[in-house]
Every structure is written in C-alpha cells, then in structure tokens.
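**Q** predicted model and sequence below, questions to follow.
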Amino acid sequence: MTTVRIIGAPTDYGANRRGVDMGPSAIRYGGLAEQLASAGVETVDAGDLAVPRAEERDPDTHTPSEGDAKFLRETEDVCRRLADEVSGTLVAGNVPLVLGGDHSIAIGSLVGSARDAEIGAVWFDAHADLNTPATTPSGNVHGMPLAAALGMDEFADTEWANAPGLSPENVALVGLRSVDEAEVDVIRDHGFAAYTMSDIDERGITDVTEEALGVASAGVDGVHVSLDLDWLDPKEAPGVGTPVRGGATYREAHSAMEIVDEAGCLRSMELVEVNPTLDQHNETAALATELAASAFGKRVL
C-alpha cells in the first residue's frame with residue numbers, strides 16, 4: 001500500500017496577497033486525510049514547517065543580482081528545509097504531498113524530488129511561473145519557481161533553488177491562460193511542452209494530460225505534479241490569489257488527476273495557492289483534497 005507523507009509549507013512570502021499561508025490548515029480541515037484514505041492509501045502527517053510571518057520580515061533584506069524578488073532570503077530558508085523533507089520522504093519509500101502556501105514552495109519540492117534522481121514535472125496552472133527577477137512585473141517569487149528550479153538567468157548557479165535532475169524537455173505546462181511576454185519567449189526558446197486552455201477545449205483534457213505526462217515521464221525516474229488551484233475556473237475554485245477566468249472545470253480537473261494516477265509515474269505532488277481568506281465555505285480547500293484523492297487512485301467504481 002502506498003504511504004503518502006503530508007508536509008505543510010505555510011508561506012505567503014511569494015504571493016501578492018496575504019492569507020495563503022493558511023492553506024495547509026484549510027486543506028487538512030477540508031478532509032484531506034479522509035479523502036486519501038478513501039483512495040486506499042495510508043497517510044502520515046509531518047505537520048507544518050515553522051515559517052515566520054511575512055509581516056515580521058523585511059521583503060528587501062536580500063536582493064537578487066538583478067531585478068526584484070521579494071522575501072528572497074525567507075523563501076530560500078523555507079525551500080531548503082522543504083527540499084530536505086521531500087528528499088527524506090522519498091528515501092523512506094513514501095510519496096511526498098506538499099501543502100502550500102504560495103507557489104514559491106515548488107522550488108523546495110522540485111529540488112527535493114530531483115535530489116539523486118532525474119525527474120519530470122507537469123504544471124497544472126493558469127500561469128507559466130517562468131519569470132525571473134529581471135523579467136517579473138511584480139517581484140513576487142510565486143511567479144518564478146520553474147525558472148528558479150531550472151537555473152534560468154539570475155537563478156543560474158543558485159544552489160538552493162536549482163534542481164539539476166529536472167530539464168526543460170521533461171516539463172509540461174497544462175492549462176495556461178495568463179502568460180507574460182517574457183515567459184512566452186522562454187517557452188518558445190526552450191521548447192517547453194505548453195498547453196493552453198484552448199488546446200484543452202480543442203483536444204480534450206484526456207488527450208492533453210496523457211501527452212503532457214508522456215513528455216514529463218520520458219526517460220526519467222518519476223514525475224512531480226504541481227497543482228495550482230488557480231488552474232481551475234474561479235467559479236470552481238474561488239479561494240485563490242490570482243484567479244483567471246476560463247479555467248478547467250471540476251470534471252476536467254478530476255479527469256486529469258485520474259490520468260496522473262493511471263500513468264503510474266507520480267513521484268511527488270503539491271497543492272498550492274489555496275487562500276481561505278478569499279474562499280467561500282472552504283470549498284477550494286475541499287476541492288484540493290478531492291483532486292489529491294483522484295491523483296492517488298480514488299474512483300467512483
């Protein structure tokens with residue numbers, strides 16, 4: 001039986017709106033353990049990393065060589081510790097499920113998952129998260145985790161943020177609908193497999209997700225799945241900090257997660273950007289628990 005180790009990373013350092021640091025608690029309260037049990041997996045909850053409140057820190061204490069990246073020192077501290085937790089979970093033979101927190105925590109998830117392994121990644125997200133300090137319009141690191149893990153531009157040779165076992169040819173972006181101009185250039189220059197919501201409309205969620213997983217899993221040891229709840233339409237998932245209309249439906253999201261399970265290559269996973277201060281009756285957090293269960297094998301029949 002699969003054992004899933006739940007790791008909370010309650011940070012909002014990378015976000016533009018406070019409150020997402022309460023995401024891990026909201027997801028647990030939404031019934032995560034019960035949903036995973038119904039999928040037939042055992043769970044071990046490692047609790048939350050200790051994360052000082054953003055209000056107690058100066059966002060500009062440490063700045064990048066070029067451009068802007070807020071709370072960079074604090075993000076580094078969280079991601080270093082998270083990478084150790086994720087790596088240790090895998091060494092113990094369990095599957096790490098990280099609860100954010102904003103999407104900057106993906107740096108730690110990817111670094112930990114890629115430690116001593118070659119991995120791919122499927123990014124279910126409205127955004128590409130391929131900005132760097134020099135290209136970011138906001139300075140918020142939750143728009144940079146993929147660029148950081150891949151060592152792009154200002155993130156080159158940044159040991160704490162780089163995942164050498166991850167290559168662009170094994171990264172698939174699914175559900176894009178809000179991509180900055182600089183990110184468009186990066187996607188084209190590096191040949192990322194990128195699927196917009198229009199691709200999903202035209203081809204269907206099954207075809208797109210299967211192809212994305214094929215790209216991510218080719219020649220690697222396993223795949224990291226990053227699920228940003230803003231991938232879904234705001235009508236389905238209102239409790240997110242950067243909602244974009246026209247996202248995945250409830251059924252499309254479940255179908256995609258079921259395909260993740262059927263592919264048999266899931267190495268690590270994260271649920272990010274659930275912000276209970278923006279949610280309605282905790283429905284986004286509850287949805288996150290349902291989608292995690294589908295990714296770990298829950299079915300109607």
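**A** Great, that's in hand.

**Q** now the end-to-end length of stretch 158-167.
**A** Using CA to CA, to the nearest Å, the end-to-end distance of stretch 158-167 comes out at 16 Å.

**Q** what sits up against that stretch?
**A** Here stretch 158-167 makes contact (CB atoms under 8 Å, 6 or more residues apart in numbering) with 76, 79-80, 83, 107, 110-111, 113-121, 148-151, 155-156, 220-221, 224. In this view, the C-beta of every residue, glycine as well, is placed from N, C-alpha and C.

**Q** pLDDT of it, averaged?
**A** Average pLDDT, stretch 158-167: 97.

**Q** buried residues in that stretch?
**A** Thr158, Ala161, Asn162, Ala163, Gly165, Leu166, Ser167 (16 or more other CB atoms under 10 Å).

**Q** next, Ser268: phi, psi?
**A** phi -160, psi 160 (degrees, to the nearest 10).

**Q** tell me who's in contact with the closest residue to it other than its chain neighbours.
**A** Closest residue to Ser268 apart from its sequence neighbours, by CB to CB, 6 or more residues apart in numbering: Ser113 at 4.2 Å. Going by CB under 8 Å, 6+ apart, Ser113 touches Val86, Ser87, Leu90, Pro96, Ile119, Ala163, Gly165, Gly222, His224, Arg267, Ser268.

**Q** could you tell me how many residues sit around Gly297?
**A** 18 (other CB atoms under 10 Å).

**Q** doesn't Leu36 make contact with it?
**A** No - Gly297 lies out of contact with Leu36 (CB atoms under 8 Å); the separation is 9.4 Å.

**Q** tabulate the buried residues of stretch 158-167 (TSV), appending secondary structure and distance to Val44.
**A** What follows is the buried residues of stretch 158-167, written out as TSV (DSSP: H, G, I helix; E, B strand; the rest coil; distance: CB to CB, whole Å):
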residue	secondary structure	distance to Val44
Thr158	coil	31
Ala161	coil	27
Asn162	coil	28
Ala163	coil	24
Gly165	coil	25
Leu166	strand	26
Ser167	strand	31
